[in-house]
Structures are given as structure tokens and as C-alpha cells.
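Asker: okay, sequence plus prediction incoming.
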Amino acid sequence: MKKPVLCAGRLYCDLVFTDVPRMPTLGTEVFAPGVSLHAGGGAFITGATLASLGHEVSQFSTLPAPPFETIVLADMATHGVGATQCKPSESGVDPQITVAMSNNGDRAFLTRTDGSAIPDLQSVSFSDYAHLHIGEMRTLQDMPELLTAARSAGLTISLDCGWQDAYDPDLAALIAAVDVFLPNEAEATALLRSGTPEICAPLTVVKHGKTGARARAATDANWTNGKTFPVNAIDATGAGDAFNAGFLSSWLDGAPLDQCLAEGNACGSASVLAVGGTGFLKARP
């Protein structure tokens, strides 16, 4: 029986433009051959991928403002991610929207965040889950008591980093309080520059995109490297979040690091073969 997981973090409606010939610049217009709407945000993409791997998953998020919540709730149902722990946005809050532009296998984002990322902690029963995954650092910074609530219920905790233009220099204590920290290479480099030590958490996993990933326990002297295999990428949106799911699913089963990395890389590679962070997943019956 796969362990039940609660995924907390910003929940967006993603507007994805595909095959963009070049990224927009001021004073110009770019025409994209394709566009689609999907539920998005790192917590959801990791959760949907975990659900496809056999885990019972619930989303702990504030829903985007109407009319986008309808699209997001439909996608959550399609991918078997429970919505009972989600709450509607407050009146007057802007919709949570991400515009994703995919170009030559990479992507750029333009995002609007407003209001609280997650509902009040008293609204969820943490004891119903075995693991908490937090989709981005900012959510944990805004509500650090999330750690206490999860630990009190006996949950293990993982944390993706999420991009910030500038990271606070005092994040080491928050990172050290989770079990698994999963930044990508650019985020890890930016954290180092801000003064955060390279190794804070009991287990750090750094994602390198098309070249794979590396992992290191705080008690180890060396990194364990996991290479991925080349694919013809269509859209890299959410690939790191899909990697998280593959890695965590194996880690929760007690698998060795090399196997966890292999499963993470497999999910990340599969993700880029379709449009949107969950486009590669089959709909749940």
C-alpha cells in the first residue's frame, strides 16, 4: 500500500503557449502555434504524478479565483488528486495564473500570486497522511508552523525550492527542518550565493534537467549521481515537479538513493514529452 501524501502550495491555472519561436521582448509581438489551459503549480504537478504512481494524494491549497477554479478542479479530478482540503479564494483576490512559454525544450513563466497559498492549518487533519510535500519555499516562509503541524502528526516532509529573484539569507533553519530538499541547479546556486550552506537538510537532491540529478545525505561525504536519457522535449513545464514525485515515491518505499534518482529522472523525462506539467499522465478512471 503506497503511503498517502498531502501536497501543499500555490495552485495555479497554467496558460501554456507551446512551440514559441522566440521569447517576447519589449515592443514586439510573438505568435505561438499552440495554447492550452491546465491546473498548475509545483505542489499539484508533484501530487498528480504521485497519484499516477499509486499514492493517495490530497491537495492543500487555496483555489484560483473564478472562473479558473472550475478548470483546476476538473484537472484535479482527472488526475485523482483530492480537493477536499482546498478552499475557495477570498473575495477580491486576483486569480492565480501562470503564463508558461515553451521554447526549444525550455520554458519561461509569468505569474500572478495573490492571497494565501494554503488554507488555515486547523482545516486539515494531518494524521490522515504519512508525508507532506511543500511545493515551494515561499509557502513555508509564509507559514513555518506548517512544519510543526506535520511533525506533531508524525509526517515526513519534503520541500521544493521554487524560483525567487532573491533568497533570504536565513533559510538554513527552515531547510534543515525538512527531510528532503529538492532545488534545481539554478536555485541551489542562487541559495549558495545568498549565504545558505550547500547541505542543510538531512537529504538534498539537486535537479540538473536534461543531464540528470544528484543527491547527498548530510551524513555522506559524496554525492550520488543519477544520469537521465536524452529525449525530444516538447514542453519542460513541471518536469522538476514530476521528478520530485518519482524520487519521493521510491524514497517513501525506503529505496536506495540511486534507485530514487532513477525513478525521478524517468518521471522528469516522461513529463517533457507532452504539453503542460501533467499532460504526460493518463486520466484516472
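Answerer: Looks like it came in fine.
Asker: so who does Leu171 touch?
Answerer: Contact analysis of Leu171 by Cβ atoms under 8 Å, 6 or more residues apart in numbering lists 137, 141, 191, 194, 196, 200. Every C-beta, even on glycine, is put in place using the N, C-alpha and C of the backbone.
Asker: and the residue nearest the centre of this structure?
Answerer: Computing the C-alpha centroid of the chain and ranking residues by Cα atoms, centre = their mean puts Gly42 first, at 2.5 Å.
Asker: identify the bridge partners of the nearest residue to Ala262 once chain neighbours are set aside.
Answerer: Spatially, and ignoring its direct neighbours in sequence, Ala262 is nearest to Gly226 (5.8 Å; Cβ to Cβ, 6 or more residues apart in numbering). In this entry, Gly226 is beta-bridged to Ala213, by DSSP bridges.
Asker: pull the number of nearby residues for Pro197.
Answerer: 12 (other Cβ atoms under 10 Å).
Asker: that one against Ala172, yeah?
Answerer: Yes: at 5.9 Å, Pro197 counts as touching Ala172 under the criterion of Cβ atoms under 8 Å.
Asker: how about low-confidence regions in the chain?
Answerer: 105, 283-285 (pLDDT under 70).
Asker: pretty sure the residue nearest to the centre of the chain contacts Asp241?
Answerer: Yes: with contacts counted by Cβ under 8 Å, Gly42 reaches Asp241, the gap being 4.5 Å.
Asker: just checking, Ser102 is part of a strand?
Answerer: Yes: counting by DSSP: H, G, I helix; E, B strand; the rest coil, Ser102 is found in a strand.
Asker: distance of the closest residue to it other than its chain neighbours relative to His38?
Answerer: With sequence-adjacent residues excluded and distances taken as Cβ to Cβ, 6+ apart, Ser102 is closest to Asp235, at 4.3 Å. Separation of Asp235 from His38 (Cβ to Cβ, to the nearest Å): 10 Å.
Asker: can you pull the residues that touch both of the two?
Answerer: With Cβ under 8 Å, 6+ apart, Asp235 and His38 have common neighbours 16, 276, 279.
Asker: what's the burial count for the second one?
Answerer: Neighbour count for Gly276, taken as other Cβ under 10 Å: 24.
Asker: where's the nearest residue to it once chain neighbours are set aside, which helix or strand?
Answerer: Distances taken as Cβ to Cβ, 6+ apart place His38 nearest to Gly276, at 4.1 Å, with adjacent residues excluded. Assigned by DSSP states H and E, His38 falls within strand 34-40.
Asker: what comes up buried for that strand?
Answerer: 38-40 (16 or more other Cβ atoms under 10 Å).
Asker: these into CSV, with extra columns for distance to Leu53?
Answerer: Converted to CSV, those look like this (distance: Cβ to Cβ, whole Å):
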residue, distance to Leu53
His38, 19
Ala39, 18
Gly40, 19
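Asker: from the residues you listed, pick the one nearest Val5.
Answerer: Ala39 (16.7 Å; Cβ to Cβ).
Asker: which residues touch the closest one?
Answerer: Counted by Cβ under 8 Å, 6+ apart, Ala39 has contacts 11-14, 48, 71-72, 75-76, 79, 278.
Asker: kindly state the beta-bridge partners for it.
Answerer: Residues in beta-bridge contact with Ala39 (DSSP bridges): Cys13.
Asker: so who does the nearest residue to Lys3 once chain neighbours are set aside touch?
Answerer: In space, and not counting its chain neighbours, Lys3 is closest to Ala130: 3.8 Å by Cβ to Cβ, 6+ apart. Shown in contact with Ala130 (Cβ under 8 Å, 6+ apart): 3-5, 155-156, 252.
Asker: in this protein, which spans are strands?
Answerer: In the chain, the strands defined using DSSP state E lie at 5-8, 12-18, 34-40, 57-60, 81-82, 97-103, 106-112, 131-134, 156-160, 180-182, 203-207, 213-217, 224-226.
Asker: in its sheet, what does the first one sit against?
Answerer: With DSSP bridges as the criterion, the sheet partners recorded for strand 5-8 are strand 57-60 (parallel), strand 131-134 (parallel).
Asker: hmm, back to that, most tightly packed of the strands of the chain?
Answerer: Comparing the strands of the chain by mean neighbour count (mean count of other Cβ atoms under 10 Å), strand 5-8 comes out on top with a mean of 29.
Asker: what's next to that one, contact-wise?
Answerer: Residues contacting strand 5-8 (Cβ under 8 Å, 6+ apart): 43-44, 46-47, 50, 55-61, 81, 85, 117-118, 124, 126, 128-135, 139, 146, 155, 248, 252.
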